[in-house]
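K.L.:
attaching a predicted model along with its sequence, questions to come.
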Amino acid sequence: MSPFPYQQSAQLPQNPLPVVSIGLGGIVHDAHYPAYAIAGFDVIGGFDIDAERAKMMQEKFALPALYTSLEHAIAEAPANAVFDIAVPGVAIAGILRELPRGTAALIQKPMGDDLAQAQNILKICHERELTAAINFQLRFAPFIIAARDIIERGLLGALTDIEFRVQVNTPWHLWSFLFPLPRVEILYHSIHYVDLIRSFCGTPESVYAKTLSHPTAPELRGGTRSMIIMDYGDNPRVNVMTNHNHAYGAEKQQSYVKFEGEKGAIQIRAGLNMNYPTGLPDRFEYVLLEGQAAPSWQTLDIEGSWFPEAFIGTMASLMRYVNGEAAALPTAVEDAIQTMATVEAAYASSAHGGTPLPAV
């Protein structure tokens, strides 16, 4: 148990706004709607181009209304509704163009399929005067909220090292839409880690990266393994290492984020990635240096996990900002564009390759 109070949940809006869903796919089923139920957010209706899928979602989550088209959803939405958009990246811009001027929208990541699409999305949001945020929900996972609280208290001292390590066997067949895409692992998975690191350290000076597919899954040409180094000068060292093809049993699977500082460290097992989608329990451990005493790792009890609780935070932060209850919108499109720029740099680095060895 923690020897000090710590924050581990997102602050909820005093007056939650009604939610209108555009897109009712797997992420909405697994995370959006369960999270909103926990938070008490009122989803008043939804639309999906797959009418059969939409009907199933209505029956399972007791949706008050199903809309027959995007136009129907917009026409029926109250003026203060938040549009919860969960569609493939390439479809985002077209939806945003149709939203009423001044509307609030939470957009499922990524912010388009590349930086050019992200810049277009940002342009549309400004032209339509939309209050828009990207659903980079890992920032609001309970274990990350707790880690941020500890770090912001100065208990770790200045950060010297941040590392993500994912070595798992990911069931890519659950997301068949990814198979033909030229960008997969960094854009749809490691982007979470890139964004989270930016939330702690700001935008890096440069990026070194390599992403590649695996012989056992050549149809996933957009990559299933990546190495990303985000350059912040001498400190902190930042490294993201992912391998989604570790098909050798659960014993050696890993999924963790580690923060090291001058006075302590935190290591968190993000169990969701392991044995996905069932997952394993998370584990939050920390150590604080105290004089000459030998380092002693402690465990914090964390309530909730990445799925679904983190999805409360992104929607709550948008509602609070729209209501004037918060001065900043953490995952606003104006900030998310920098995450997309960092991802773009990672793909450019991967394409250009390393430095050739000098002749000997």
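P.N.:
Yes, it's here.

K.L.:
for the residue sitting nearest the centre point of the chain, give me its contacts.
P.N.:
Nearest to the mean C-alpha position of the chain, by C-alpha atoms, centre = their mean, lies residue 136 at 3.3 Å. Contact analysis of residue 136 by C-beta atoms under 8 Å, 6 or more residues apart in numbering lists 109, 191-192, 195-196, 314, 331, 336, 339. For the C-beta atoms, the positions are set from N, CA and C on the backbone; glycine is no exception.

K.L.:
now with 6 Å, please.
P.N.:
Residue 136 is in contact with 109, 195, 331, counting by C-beta atoms under 6 Å, 6 or more residues apart in numbering.

K.L.:
and the pLDDT for it?
P.N.:
pLDDT for residue 136: 98.

K.L.:
so which strand or helix has residue 198?
P.N.:
In this structure, residue 198 sits in helix 191-201 according to DSSP states H and E.

K.L.:
quick one: residues in contact with that helix.
P.N.:
By C-beta under 6 Å, 6+ apart, the surrounding residues in contact with helix 191-201 are 110, 136, 138-139, 162, 164, 230, 232, 238, 240, 339, 342-343.

K.L.:
residues in contact with residue 131?
P.N.:
By C-beta under 6 Å, 6+ apart, the contact list for residue 131 reads 104, 322.

K.L.:
identify all residues paired with it through a beta bridge.
P.N.:
Note on residue 131: beta-bridge partners residue 104, judged by DSSP bridges.

K.L.:
which residues does stretch 259-266 contact?
P.N.:
With contacts defined as C-beta under 6 Å, 6+ apart, stretch 259-266 is touched by 147, 155-162, 286-289.

K.L.:
show me where the protein has strands.
P.N.:
Secondary structure of the chain by DSSP state E: the strands cover 19-22, 43-47, 82-85, 104-107, 131-134, 159-167, 206-212, 225-231, 237-243, 254-261, 264-269, 283-288, 298-300.

K.L.:
quick one, what contacts the residue lying closest to residue 336 once chain neighbours are set aside?
P.N.:
Leaving aside its sequence neighbours, residue 336 sits nearest to residue 134 (C-beta to C-beta, 6 or more residues apart in numbering; 3.9 Å). Contacts here follow C-beta under 6 Å, 6+ apart; on that basis residue 134 touches 107, 109, 111, 331, 336.

K.L.:
and residue 263, what's its pLDDT?
P.N.:
With respect to pLDDT, residue 263 scores 97.

K.L.:
so for the helix holding residue 198, what gets flagged as buried?
P.N.:
Applying a neighbour-count criterion of 16 or more other C-beta atoms under 10 Å, one finds 191-200 buried in helix 191-201.

K.L.:
what's the answer for stretch 266-276, then?
P.N.:
Buried positions in stretch 266-276, judged by neighbour count with 16+ other C-beta under 10 Å: 266-274, 276.
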